[in-house]
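[1] mind folding the following:
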Amino acid sequence: MAELPSKVHLTLHPIYLNIRGPSVYKDDNQRMWLHFVLRTGGVLQVRLLQKDITNEHIALTISPRTLSSMPSWWSLQLGSRYLDSMGQFWCIVHHIKEDGVEEMLLELINNS
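    A predicted model of the protein is given here:
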């Protein structure tokens, strides 16, 4: 019989995420996170996957396109949200670990 995937909801979030390359952020524990931008029905979300990536595989320079479209950092604020380098707030939709892979989904909070 096949094992069911183990899915755990996490409440200990990275305090700080800093951009390290075009698709990579590093957290305060030196772990690397790949990011993927999702737009669904006008809602902007970022999916972050924690992966073991060596510094040799990360581009040494950040493209101007990445800098203009993605925040250079996220900082955890009180509650379950992040403030980014552009002054925008993001709520944590979920933060899970499934089959050994950590995933965090952030959603841009509309300030209007």
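[2] now do the same contact list for Asp28.
    Residues in contact with Asp28 (Cβ atoms under 8 Å, 6 or more residues apart in numbering) are Pro14, Ile15, Tyr16. For glycine as for every other residue, the C-beta is placed from the backbone atoms N, C-alpha and C.
[3] tell me where this structure is predicted with low confidence.
    1-5, 54-68, 111-112 (pLDDT under 70).
[4] in the chain, which spans are helices?
    64-69 (DSSP state H).
[5] tell me, what residue is most central in it?
    Leu48 (3.5 Å; Cα atoms, centre = their mean).
[6] now for that one: which residues touch it?
    So Leu48 contacts Leu17, Tyr25, Trp33, Leu34, His35, Glu103, Met104, Leu105, Leu106 (Cβ under 8 Å, 6+ apart).
[7] I'd guessed the first one sits against Trp33; true?
    Yes: under the criterion of Cβ atoms under 8 Å, Leu17 lies in contact with Trp33, with a separation of 6.4 Å.
[8] shared neighbours of these two, anything?
    In contact with both Leu17 and Trp33: Tyr25, Lys26, Asp27, Leu48, using Cβ under 8 Å, 6+ apart.
[9] what's around the first one, how many residues?
    Just to be clear, that refers to Tyr25. By other Cβ atoms under 10 Å, the residues close to Tyr25 number 24.
[10] which residues touch it?
    Counting by Cβ under 8 Å, 6+ apart, Tyr25 makes contact with Leu17, Asn18, Ile19, Met32, Trp33, His35, Leu48, Trp74.
[11] what's across from His94 in the sheet?
    According to DSSP bridges, the residues that bridge with His94 are Leu105.
[12] measure it to Glu107 for me?
    Distance, His94 to Glu107, by Cβ to Cβ, to the nearest Å: 10 Å.
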